[in-house]
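In: Here is a sequence with its predicted model. Questions after.
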Amino acid sequence: MDIGERIKKLMKEKDWNQNDLAENSGVSITQINRLINGVGYPSLRTLEKVAKVFGKELVIKFV
């Protein structure tokens, strides 16, 4: 499951749309949209903010 799919799943669990996620995470709606659609490369800070709002820990693995 990629990042966008995981975020969509977490949003669905909270019954949130992209605006809700943007408001609660402090990440712009544009960045949220790009993240969900797999466009560009999000910063670690953006990923941390999104993970935090869902009560998740950001883990990076090099495999």
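Out: That came through fine.
In: For the helix or strand where residue 30 lies, buried residues please.
Out: Using DSSP states H and E, residue 30 falls within helix 29-36. For helix 29-36, a neighbour-count test (16 or more other C-beta atoms under 10 Å) marks 31-32, 34-36 as buried. Backbone N, C-alpha and C define where each C-beta goes, glycine included.
In: For the residue most central in space within the chain, which non-adjacent residue is closest in space?
Out: Nearest to the mean C-alpha position of the chain, counting by C-alpha atoms, centre = their mean, stands residue 50 at 4.3 Å. Spatial nearest neighbour of residue 50, excluding adjacent residues (C-beta to C-beta, 6 or more residues apart in numbering): residue 25 at 5.3 Å.
In: Next up, the contacts around that neighbour.
Out: 32, 49-50, 52-53 (C-beta atoms under 8 Å, 6 or more residues apart in numbering).
In: For residue 20, list the residues it contacts.
Out: 11, 14.
In: quick one, longest helix in this structure?
Out: Using DSSP state H to define each element, the chain has its longest helix at helix 3-14.
In: and that helix, how far from the chain's centre?
Out: 8 Å (C-alpha atoms, centre = their mean, to the nearest Å).
In: what inclination does the following helix or strand past it have with respect to helix 3-14?
Out: Using DSSP H and E, the helix or strand that directly follows helix 3-14 along the chain is helix 18-25. Helix 18-25 runs at 90 degrees relative to helix 3-14, counting by axes from the mean of the first three to the mean of the last three C-alpha atoms, to 10 degrees.
In: hang on, the residue nearest to the centre of the chain packs against residue 21?
Out: Yes: in terms of C-beta atoms under 8 Å, residue 50 counts as a neighbour of residue 21; the distance is 7.1 Å.
In: which residues do the two both contact?
Out: By C-beta under 8 Å, 6+ apart, the residues touching both residue 50 and residue 21 are 7, 27, 32.
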